[in-house]
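Chemist: fold the following.
(chains A, B, C and D)
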There are 2 protein chains.
Amino acid sequence: MSDSSVKKTLGRVVKRTEMPELSKPFSPMQLAKAITAKRTGMKLTLVDVSQALAISKPTLIKIEKGDVTVQLHNVLKVMEYLGLSFSLVSDDIAHSNDEVSDEQWY
Amino acid sequence: MSDSSVKKTLGRVVKRTEMPELSKPFSPMQLAKAITAKRTGMKLTLVDVSQALAISKPTLIKIEKGDVTVQLHNVLKVMEYLGLSFSLVSDDIAHSNDEVSDEQWY
DNA sequence: ATTTATGGTCAACTATAGTTTACTTATACA
DNA sequence: TGTATAAGTAAACTATAGTTGACCATAAAT
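Modeler: Just a heads-up that it's a prediction; the model follows:
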């Protein structure tokens, strides 16, 4: 594994993967890597999170692999648990306010 | 509907719902409202998007209602089509004065 | 008043995400 | 070495998301 370092705890072993650049455009892989980075950074195993959130390990692995054929519900649960969140970005050009206009604001 | 206005096109009718505040903390409802706002702002009907993305109308409606029991895949397809995107936010970088989201979706 | 287009719901069915259990692989440390 | 812990995979099964098609309600045109 290239982008991972190894670290030892009291008796535990955790493979730490680095946090991706959050400034770069969103992608499912970026999300996946961020989740893994947060989890390992918090020294939690897949089973730890799996049991805490009542999500199966295979599903968690799907999420951390960037598989998008998972429930939004499960992704959000994991993100909230790990302290990750989304921010919405719209490609529009600064629409002023609620005035009904013929112009397209998007 | 309270937060919607009515506008007429050449022969078409469009209910425009307002874009939510993107600066506020993320929530599934915020996402749902942003999607509806973008779609109606672009003068697209549910069927328009439904057919363009090969997603059924009931599923689209679930998404626009803030239902999180939908595939991440489908949500991302809709967002990309409408020009919406995510930005990842991690709480490890001192978000001292951010308000905590009070709405629970789970 | 009738027609037309849209949003929204519902039921039955299909497709597939998710689960459980077990097994394998890999790493760290004694 | 060998042992223990964690990551990852696979198969069979279950749960449920998603689809189709019909239907209703509303609003806006004619």
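Chemist: centre of the chain to stretch A:82-95, how far?
Modeler: Distance, stretch centre to chain centre, for stretch A:82-95: 14 Å (Cα atoms, centre = their mean, to the nearest Å).
Chemist: tell me the mean pLDDT for it?
Modeler: Averaged across stretch A:82-95, pLDDT comes to 86.
Chemist: return the set of buried residues in that stretch.
Modeler: Using 16 or more other Cβ atoms under 10 Å in any protein chain shown as the test for burial, stretch A:82-95 gives A:82, A:84-90, A:92, A:95. Every C-beta, even on glycine, is put in place using the N, C-alpha and C of the backbone.
Chemist: filter the residues you listed down to just the ones in helices.
Modeler: Under the assignment DSSP state H, the buried residues of stretch A:82-95 contribute residue A:82 to helices.
Chemist: kindly present the buried residues of stretch A:82-95 as CSV, with separate columns for distance to DNA strand D.
Modeler: Formatted as CSV, the buried residues of stretch A:82-95 follow (distance: Cβ to the nearest atom of the strand, whole Å):
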residue, distance to DNA strand D
A:82, 13
A:84, 17
A:85, 22
A:86, 18
A:87, 23
A:88, 20
A:89, 22
A:90, 23
A:92, 24
A:95, 22
